[in-house]
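J.: no sequence on this one, just coordinates:
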């Protein structure tokens, strides 16, 4: 079992066809994360904002990319607060830290404070990305995992159970990989994370586990190293 993990959640994983934020999904997620916390694992979370806005899509509509990315950062904060509320409804002590200062809403990201929260058993949720445009929340996950010295990044995918050589939703013959190196990912141009995030994970020797979060209990299994996904490592 890992001691300290960073869970990467997509914004879309919190949504349904009827709502950008689905209360039932949030409740089920919080209940599963509570079980993870009760194992004694130190848990940090980076959440995306794609259920509200994607900076790249807004840029394609003619908006300045930096401005669009800042809008996306605000979407991640909305999701972080939603996850915090769901966890606290289950009795889990949490803290939200944001890379863009908004003290009335959440703590600013301060590494030593984040580490102290983790040591005290609190779940720390990182919002607002890196605080800078042109960087994805995948890169945020790699950066925060490196900063807090996480053992692994758990990349929870919405309905996909690992890394394939092509899109399994489009190609029924797509081949799933059980293990890969970061060089494999870069050389094969596998769309797991953006290249900046992959390089950061490789340089800091952080394992990445890609798995399907839609199967109940899979987050806990991933924390215990028992999930049927794809593990990516330096060697």
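T.: Looks like it came in fine. A quick note: this is a predicted structure, and the numbers were derived from the prediction, not measured.

J.: residue contacts, residue 30?
T.: Contact partners of residue 30, counting by Cβ atoms under 8 Å, 6 or more residues apart in numbering, are 83, 86, 87, 89, 90, 92. C-beta here means a position set from N, CA and C on the backbone, and glycine is covered the same way.

J.: ugh, wrong one, I meant residue 44
T.: Residues near residue 44 by Cβ under 8 Å, 6+ apart: 4-7, 114, 118, 123-126, 144-145, 148, 150.

J.: Residue 207 too?
T.: Residue 207 makes contacts with 151, 152, 153, 201, 231, 232, 233, as judged by Cβ under 8 Å, 6+ apart.

J.: quick one: residue 48 from residue 126, how far?
T.: Computed as Cβ to Cβ, to the nearest Å, the residue 48 to residue 126 distance reads 11 Å.

J.: Show me which of these two is the more surrounded one.
T.: Between residue 48 and residue 126, residue 126 has the larger neighbour count (other Cβ atoms under 10 Å), namely 29 against 24.

J.: Kindly state the beta-bridge partners for the more buried one.
T.: Per DSSP bridges, the residues bridged to residue 126 are residue 46, residue 97.

J.: What residues does it make contact with?
T.: 44-47, 80, 96-99, 109, 114, 140, 144.

J.: Would you mind giving both backbone torsions of residue 211?
T.: Phi and psi for residue 211, reported as degrees, to the nearest 10, are phi -150, psi 170.

J.: Does it touch residue 229 like I think?
T.: Yes. At 3.2 Å, residue 211 and residue 229 qualify as touching, with contact defined as Cβ atoms under 8 Å.

J.: Common neighbours of the two, please.
T.: Residues touching both residue 211 and residue 229 by Cβ under 8 Å, 6+ apart: 161, 162, 222.

J.: from memory the second one sits against residue 229, does it?
T.: Put plainly, it is residue 162. Yes. Proximity of residue 162 to residue 229 meets the contact threshold set by Cβ under 8 Å, at 4.6 Å.

J.: between those two, who's got more neighbours?
T.: residue 229 (25 against 22).

J.: which one of the contacts of residue 126 has the most neighbours?
T.: Within those, neighbour counts (other Cβ under 10 Å) peak at residue 47, which reaches 30 neighbours.

J.: List the contacts of that residue.
T.: 8-11, 14, 76, 79-80, 83, 125-127, 137.

J.: could you redo the last one with a cut-off of 6 Å?
T.: 9, 76, 79, 80 (Cβ atoms under 6 Å, 6 or more residues apart in numbering).

J.: From residue 154, how far out is the closest residue in space to the first one that isn't next to it in sequence?
T.: Same thing as residue 9. Nearest residue to residue 9 in three dimensions, chain neighbours excluded: residue 47, at 4.7 Å (Cβ to Cβ, 6 or more residues apart in numbering). Residue 47 sits 13 Å away from residue 154, going by Cβ to Cβ.

J.: One more: residue 54?
T.: Counting by Cβ to Cβ, the gap from residue 54 to residue 154 is 22 Å.
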